[in-house]
Every structure is written in C-alpha cells, then in structure tokens.
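# here are the coordinates; sequence isn't available:
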C-alpha cells in the first residue's frame with residue numbers, strides 16, 4: 001500500500017522498503033540574527049525597543065482575540081508586556097522576530113524547534129496585530145522567513161503547528177502552501193486547557209514552485225490602485 005505521506009522509497013538488500021538515500025547529511029547552520037527585507041515589510045530580531053509599538057498595535061484588538069491560542073498574554077498594560085519581551089529577546093529557540101511595516105513593529109513571529117542536524121525548523125509564536133492582518137506584508141513576512149530557511153540555510157523541512165481548534169491558523173497554513181500531516185491528540189496543554197496539535201509542513205522539494213507563486217502574488221502588478229489583490233495566492 002502506498003502511503004501518501006511517504007516522500008519516496010527504495011528496497012534494501014533484504015527486499016524491505018526503506019527511505020531514499022541522502023546525498024547531503026551535513027548539519028545546517030542556525031538561523032542568523034539578521035534582518036530580512038522585502039517590498040512591504042522587514043523582519044528583524046525582536047528588540048526591547050519594539051515593546052511600545054507592539055503593545056499599541058496589539059491593543060487595537062480590544063477583545064484580546066489575538067491571545068486565545070498563544071501560550072502568553074493578554075497583557076493589562078505595557079509594563080506587563082515589557083516583562084515578556086525582556087525574556088523573549090534572550091531566547092535562541094524560539095528565535096523571536098518583530099515584523100516592521102513603515103518602521104513600526106506590528107507583529108511578531110519566530111523560528112523554533114530548530115534542528116540543524118535534521119535540517120528541520122518550525123515557524124510559530126505568530127501574533128499579527130489588526131494593522132498587519134490581511135495585508136501584503138502579512139504574506140510577505142512568511143515568504144521572507146521561508147526563503148531564509150530554504151534558500152539561505154538549506155533546510156529540508158519547514159513546519160507549522162497550531163491548536164487543532166484554531167481554524168484561522170489552519171486556514172492560513174493551507175493558504176501558504178503547507179500540507180496537513182495529521183493531529184496529535186492531547187499533545188500538550190496551555191492556559192489550563194488541553195491542546196490537540198495540528199501538524200503541517202513544506203518540504204525543500206516543494207519550495208521552488210511555492211516560491212514562484214509567492215513572487216507572482218507579491219508583485220505590485222497583482223494589486224489595483226486601492227491595494228486589492230487581482231489574483232489570490234491560490235489562483236496564481
């Protein structure tokens with residue numbers, strides 16, 4: 001029986017199916033703490049001086065919906081949020097980044113579960129303020145992080161995981177080209193409640209076509225004078 005999630009196989013000398021041999025078993029580099037620059041946004045390592053802009057941007061969500069599926073927050077005031085940022089800027093895994101639009105921090109995301117020996121890495125800890133949601137920048141920052149992982153660092157696997165009940169996150173993963181791999185039941189818990197975790201991935205073999213699709217979508221010619229897209233990411 002063929003498993004749709006097996007990426008290839010061969011037979012060993014005993015006639016057993018085994019994975020395809022790899023020509024490059026080298027340990028990949030760790031992600032550098034440098035900026036990633038696009039047309040519509042810049043992604044930079046999180047700094048303490050991003051605190052005020054981020055808190056102000058997150059406060060535009062007056063119902064605190066942004067924090068429901070994150071392990072931290074919401075925060076009653078900027079000083080409480082600053083305490084979290086002070087810790088987050090010291091982490092190497094997750095490696096936190098701020099997403100800047102016109103020089104202002106309006107969201108954050110991270111590389112995490114970084115496994116250079118397996119050439120596997122995850123994107124997560126994503127929090128996008130209302131000012132960033134449904135904008136070109138909200139797609140471009142994802143493209144920039146993927147390009148760093150695949151083009152710059154040569155990783156084989158890029159992961160996305162989320163609470164299985166977080167429908168917007170699952171929809172975002174599928175829109176961005178991730179493949180759903182399954183749900184790990186009772187995988188963890190946070191904020192005093194259970195979390196079943198949905199797993200998604202992109203492989204290095206899938207990246208060239210996906211990269212071209214991102215670049216067609218992000219092209220300024222794909223947007224009208226009001227900034228509305230002419231073709232969706234799926235259509236291109």
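Received, thanks. From a predicted model like this one, the values you see are computed outputs, not experimental measurements. Numbers count the residues shown, from 1 in each chain.

# drop to CA atoms for contacts and neighbour counts, all remaining ones
Noted.

# where's residue 231 relative to residue 134, distance?
14 Å (Cα to Cα, to the nearest Å).

# and what of residue 156?
28 Å.

# looking at these two, which is more packed in?
The residue with more neighbours, out of residue 156 and residue 134, is residue 156; 19 against 10, by other Cα atoms under 10 Å.

# how about the contacts made by the more buried one?
Shown in contact with residue 156 (Cα atoms under 8 Å, 6 or more residues apart in numbering): 118, 119, 120, 150, 203, 204, 205.

# just the buried subset of the residues you listed, please.
Among the contacts of residue 156, the ones that count as buried by 16 or more other Cα atoms under 10 Å are 119, 120, 150, 203, 204.

# just the ones of the residues you listed in strands?
The subset of the buried ones among the contacts of residue 156 located in strands under the criterion DSSP state E comprises 120, 203.

# now, which of the buried ones among the contacts of residue 156 sits nearest residue 195?
Distances from residue 195 to the buried ones among the contacts of residue 156, taken as Cα to Cα, are shortest for residue 120 (22.7 Å).

# for that closest one, name its beta-bridge partners.
In this structure, residue 120 has the following beta-bridge partners (DSSP bridges): residue 115, residue 157.

# can you pull the contacts of the nearest residue to residue 45 once chain neighbours are set aside?
If you skip the residues right next to it in sequence, residue 45 has residue 97 as its closest partner in space, 4.2 Å away by Cα to Cα, 6 or more residues apart in numbering. Under the criterion of Cα under 8 Å, 6+ apart, the contact partners of residue 97 comprise 43, 44, 45, 46, 108, 109, 110.

# so which strand or helix has the second one?
Under the criterion of DSSP states H and E, residue 44 resides in strand 42-45.

# which of the residues in whichever helix or strand comes after that strand are buried?
Moving toward the C-terminus from strand 42-45, the next helix or strand (DSSP H and E) is helix 51-58. Using 16+ other Cα under 10 Å as the burial criterion, the residues of helix 51-58 that qualify are 51, 52, 53, 54, 55, 57, 58.

# and helix 51-58, what does it pack against?
With contacts defined as 3 or more Cα pairs under 8 Å, 6 or more residues apart in numbering; DSSP states H and E, the packing partners of helix 51-58 are helix 78-88, strand 104-115.

# next SSE after the first one?
Spelled out, that is helix 78-88. The first helix or strand that comes after helix 78-88 along the chain, using DSSP H and E, is strand 95-101.

# need the helices for the chain, in chain order.
Ranges of helices in the chain, per DSSP state H, are 51-58, 78-88, 136-147, 167-175, 207-218.

# pretty sure residue 194 is touching residue 165, no?
No: taking Cα atoms under 8 Å as the contact criterion, residue 194 and residue 165 are not neighbours in contact, 10.6 Å apart.
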